[in-house]
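Q: predicted model and sequence follow; I will ask about them next.
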Amino acid sequence: MKRILMVGIAAVSAFAAQGAMANADLAKAKNCMACHAVANKVVGPAFKDVAAKYAGQKDAEGKLVTKVMKGGSGTWGAVPMPANPQVSEAEAKTLVKWVLSQK
C-alpha cells in the first residue's frame with residue numbers, strides 16, 4: 001500500500017511540474033515573454049509583481065483575462081498592453097492562473 005501511495009504522489013508531483021512548465025511554454029508561444037518576465041520588469045511588469053498586486057482579489061482572474069485578450073493601459077504606467085487576438089479565452093485563463101501563481 002505504501003508503494004502505491006508513493007507512486008501516486010510521484011505521479012501527481014510530475015504532473016504538477018509539467019503543468020507549470022507547460023504554462024511557461026504557453027506564455028512563450030503566445031509572445032507574452034516579449035514584454036514580460038517572471039521575476040523582473042521588461043516592458044511590462046514582472047509576472048510575480050502582477051501576482052502580488054492582485055493577490056486576494058476575487059475578481060482578479062476575470063479582470064486579467066480581459067486585459068490579456070483586449071489589452072489595457074494605466075495600471076502599470078504609460079506603456080499600454082496591446083490586445084492579443086491570437087490568445088483564446090481558454091488560453092488566457094490558463095496564462096492568468098499561471099501568472100497569479102507566481103511568487
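A: Here it is on my side, so go on.

Q: and for residue 88, the neighbour number?
A: Using other CB atoms under 10 Å, the number of residues around residue 88 comes to 12. No exception for glycine: its C-beta is placed from N, CA and C like everyone else's.

Q: likewise residue 62?
A: Other residues near residue 62 come to 11 when the count uses other CB under 10 Å.

Q: you'd agree it is in a strand?
A: No - read with DSSP: H, G, I helix; E, B strand; the rest coil, residue 62 is helix and lies in no strand.

Q: could I get the contacting residues of it?
A: Contacts for residue 62 (CB atoms under 8 Å, 6 or more residues apart in numbering) come out as none.

Q: and residue 103, what's its pLDDT?
A: With respect to pLDDT, residue 103 scores 88.

Q: any idea how far the closest residue in space to it that isn't next to it in sequence is from residue 55?
A: Using CB to CB, 6 or more residues apart in numbering and skipping the chain neighbours, the partner closest in space to residue 103 is residue 48 (6.3 Å). Here the criterion is CB to CB, to the nearest Å. By it, residue 48 lies 11 Å from residue 55.

Q: of these two, who's got more company?
A: Ranked by neighbour count (other CB under 10 Å), residue 48 and residue 55 place residue 48 first, with 16 against 10.

Q: which secondary structure element contains that one?
A: Assessed by DSSP states H and E, residue 48 sits inside helix 47-54.

Q: and that helix, what's its mean pLDDT?
A: The model assigns helix 47-54 a mean pLDDT of 97.

Q: ranges for the helices of the chain?
A: Secondary structure of the chain, counting by DSSP state H: helices at 2-29, 47-54, 60-70, 89-100.
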